[in-house]
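> take this sequence and fold it.
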Amino acid sequence: MVVTRERHLDDSSRYRLVLELRTGTGEMHSLLSAAPSETLEQIGDVLVRALEEMAAALGPPPPVAPHETTSFGCGT
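Next up, the predicted model:
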């Protein structure tokens, strides 16, 4: 079983963090799969808080440079 959360550092899709919790054994998979939805939501909330802390540690992403236009010699 995998619980995944993601966070974008800005409004673009260039800076995206993804955090996954994966079960490492069959027993852990069974335990997590049997957990009530409230518990899985709590786990997801923990992952979101961790992503927020990581984003704060990274700081804002650098500004995106404007796209350069290229002339192909077609007279336009």
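> what ranges do the helices span in the protein?
For the chain, the helices defined by DSSP state H occupy 26-34, 37-58.
> which one, of these, ends up nearest to M1?
Of all those, it is helix 26-34 that lies closest to M1, at 4.7 Å by C-beta to C-beta. Quick note: C-beta positions are derived from backbone N, CA and C, even for glycine.
> in terms of pLDDT, where does the nearest residue to L9 once chain neighbours are set aside sit?
In this structure, L9 finds its nearest non-sequential neighbour in Y15, 3.8 Å apart by C-beta to C-beta, 6 or more residues apart in numbering. Predicted confidence (pLDDT) for Y15: 91.
> from P60, how far out is Y15?
9 Å (C-beta to C-beta, to the nearest Å).
> can you check E20 too?
E20 is 24 Å from P60, by C-beta to C-beta.
> picking up where we left off before, overlap in contacts, Y15 and P60.
Contact criterion C-beta atoms under 8 Å, 6 or more residues apart in numbering; residues shared by Y15 and P60: L9.
> so those two - more neighbours on which side?
Counted by other C-beta atoms under 10 Å, Y15 and P60 do not tie: Y15 has more neighbours, with 16 against 9.
> so who does that one touch?
8-9, 61.
> between those, which is nearest L32?
Nearest member of the contacts of Y15 to L32, counting by C-beta to C-beta, is H8, at 26.4 Å.
> what about that closest one, how many residues nearby?
Neighbour number of H8 under other C-beta under 10 Å is 14.
> test my guess that it contacts R16.
Yes - shown here, H8 and R16 form a contact pair, counting by C-beta atoms under 8 Å, at 5.2 Å.
> model confidence score at A65, please.
Reading off the model, A65 has pLDDT 71.
> also G75?
Predicted confidence (pLDDT) at G75: the value is 56.
> swap in L31?
96.
> what's the answer for F72, then?
60.
> can you check R22 too?
For R22, pLDDT reads 95.
> go on, P60?
Per-residue pLDDT puts P60 at 89.
> list the contacts of it.
Here P60 is in contact with 9-10 (C-beta under 8 Å, 6+ apart).
> and it, how far from E52?
14 Å.
> with E6 instead?
Counting by C-beta to C-beta, the gap from E6 to E52 is 12 Å.
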